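Novice: Below is the structure, and that's it, no one-letter string:
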């Protein structure tokens with residue numbers, strides 16, 4: 001008996017996490033493509049983004065969407081390695097995600113928001129504080145000071161959600177990723193497990209019901225699936241679809257040419273003519289740059305349409321996501337510049353005749 005226990009302990013320490021973390025559910029058909037969704041605002045410092053993914057419910061023989069969400073890291077210095085579906089022995093198996101000091105292999109899946117198939121570009125730890133990359137996260141920068149900006153070149157913006165098999169991602173783990181898989185890990189937290197159970201119980205999140213386009217793409221915190229906390233999918237939504245009980249009757253912004261012209265803020269009159277003029281010049285420069293960004297993205301998207309005259313719907317969804325991301329970035333740039341708007345000097349208070357100066 002002692003020998004058997006020793007052997008079991010040995011296997012637990014020697015089997016790589018890439019295999020040990022596989023969940024015993026095998027599915028012959030791969031999960032749907034990753035939906036396009038909007039990331040909710042980060043609720044506070046120390047919360048890390050965990051991207052959404054497709055899980056499988058054996059009771060109904062259907063995939064269901066587990067919305068992305070912000071989760072507090074279990075330890076200082078820990079990062080999240082997302083789970084992924086991988087092809088093995090003529091079926092797809094799910095490799096569970098985990099917390100650790102190094103981001104390991106997650107199938108080369110491009111989950112977005114800093115996870116583009118290799119490592120994590122959405123933020124980094126500096127001693128006991130997590131610093132957020134504003135290019136990859138939605139932040140209220142009036143509340144966050146621990147931010148930086150790093151532009152990420154997205155080499156491949158496909159939405160394939162599994163590794164291996166037919167049409168799956170063909171990447172294999174590097175030696176460094178395999179080493180990361182053998183480091184000390186923390187399993188998904190209780191809040192994450194409850195988040196999965198809540199998603200599993202929601203019929204609207206099943207692929208057969210939403211046809212791969214779940215209405216709730218992400219939530220601000222684990223388990224908060226109400227309309228007040230869910231980031232409703234704005235990207236791949238059909239006209240007239242219900243969002244929070246209201247019909248979506250507005251136009252679908254697919255390409256930069258569909259967007260209204262860049263709005264020019266009202267003139268500033270702070271009483272400091274020199275500062276006002278400098279601020280207007282900065283506004284002119286930003287508007288010109290944003291107009292140029294729109295033109296470049298429009299030209300790139302048109303070129304992609306020309307190369308693929310019979311393009312699948314996923315191409316339009318990708319273009320819509322690109323356009324929305326650019327719009328969000330431009331709005332953040334305007335907000336940042338407006339925070340530096342010249343302010344008029346406060347009027348000097350006049351003393352009341354009965355008051356002492």
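Specialist: Yep, that arrived. Owing to the predicted nature of the structure, the values given are computational and were not obtained by experimental measurement.
Novice: Let me see the ranges of the helices in the protein.
Specialist: 2-14, 17-20, 175-181, 190-200, 207-210, 273-307, 313-338 (DSSP state H).
Novice: Check the gap between residue 319 and residue 325 for me.
Specialist: 11 Å (CB to CB, to the nearest Å). To be clear about C-beta, it is placed using only N, CA and C from the backbone, and glycine gets the same treatment.
Novice: Next, the distance between the ends of stretch 72-91.
Specialist: Chord length of stretch 72-91, first to last residue, is 33 Å (CA to CA, to the nearest Å).
Novice: Pull out the buried residues from it.
Specialist: Within stretch 72-91, the residues that count as buried by 16 or more other CB atoms under 10 Å are 73, 78-87.
Novice: what's the answer for stretch 162-175, then?
Specialist: Those would be 162-165, 168-169, 171, 173, for stretch 162-175 by 16+ other CB under 10 Å.
Novice: Looking at these, which two lie furthest apart in space?
Specialist: 165 and 173 (16.5 Å; CB to CB).
Novice: Low-confidence stretches in the stretch 1-150 of the chain?
Specialist: 1-24 (pLDDT under 70).
Novice: Okay, strands next: where are they in it?
Specialist: 22-27, 47-50, 53-57, 62-66, 68-72, 79-81, 84-88, 91-95, 98-100, 123-126, 129-133, 147-148 (DSSP state E, counting those that start in this stretch).
Novice: The second one pairs with which strands?
Specialist: Counting by DSSP bridges, the strands paired with strand 47-50 are strand 68-72 (antiparallel).
Novice: buried set for the partner strand?
Specialist: Of the residues in strand 68-72, 68-71 count as buried by neighbour count, 16+ other CB under 10 Å.
Novice: ok, now stretch 87-104?
Specialist: For stretch 87-104, by 16+ other CB under 10 Å, it's 87, 92-100, 102-104.
Novice: what do you get for stretch 201-219?
Specialist: 202, 205-207, 210, 212-219.
Novice: repeat for stretch 141-161
Specialist: Neighbour counts over stretch 141-161 (16+ other CB under 10 Å) mark 159-161 as buried.
Novice: Out of the residues you listed, which comes closest to residue 31?
Specialist: Nearest member of these to residue 31, counting by CB to CB, is residue 161, at 4.8 Å.
Novice: quick one: pLDDT of residue 302?
Specialist: In this model, residue 302 is scored at 80, pLDDT.
Novice: mind checking how far it is from residue 30?
Specialist: Applying CB to CB to residue 302 and residue 30 gives a distance of 31 Å.
Novice: Include distance to residue 58 when you put the buried residues of stretch 87-104 into JSON lines, please.
Specialist: JSON lines is the format used below for the buried residues of stretch 87-104 (distance: CB to CB, whole Å):
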{"residue": "87", "distance to residue 58": "19"}
{"residue": "92", "distance to residue 58": "13"}
{"residue": "93", "distance to residue 58": "13"}
{"residue": "94", "distance to residue 58": "12"}
{"residue": "95", "distance to residue 58": "17"}
{"residue": "96", "distance to residue 58": "16"}
{"residue": "97", "distance to residue 58": "20"}
{"residue": "98", "distance to residue 58": "22"}
{"residue": "99", "distance to residue 58": "26"}
{"residue": "100", "distance to residue 58": "28"}
{"residue": "102", "distance to residue 58": "32"}
{"residue": "103", "distance to residue 58": "29"}
{"residue": "104", "distance to residue 58": "26"}
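Novice: how about the residue nearest the centre of the chain, what does it touch?
Specialist: Centrality entry for the chain: nearest residue to the mean C-alpha point is residue 113, 3.4 Å, by CA atoms, centre = their mean. The contact partners of residue 113, by CB atoms under 8 Å, 6 or more residues apart in numbering, come to 39, 49, 51, 68, 122, 136-137.
Novice: next one: residue 87
Specialist: 30, 162-165, 168 are the contacts of residue 87 under CB under 8 Å, 6+ apart.
Novice: Could you provide those residues in TSV, with additional columns for distance to residue 257?
Specialist: Shown next, in TSV, are the contacts of residue 87 (distance: CB to CB, whole Å):
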residue	distance to residue 257
30	35
162	34
163	36
164	39
165	38
168	34
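Novice: for those, which one is nearest residue 129?
Specialist: Nearest member of those to residue 129, counting by CB to CB, is residue 163, at 33.3 Å.
Novice: Please tell me I have it right and that closest one contacts residue 110.
Specialist: No. Checked against CB atoms under 8 Å, the pair residue 163 and residue 110 is beyond contact range at 11.5 Å.
Novice: Good, we can wrap up now.
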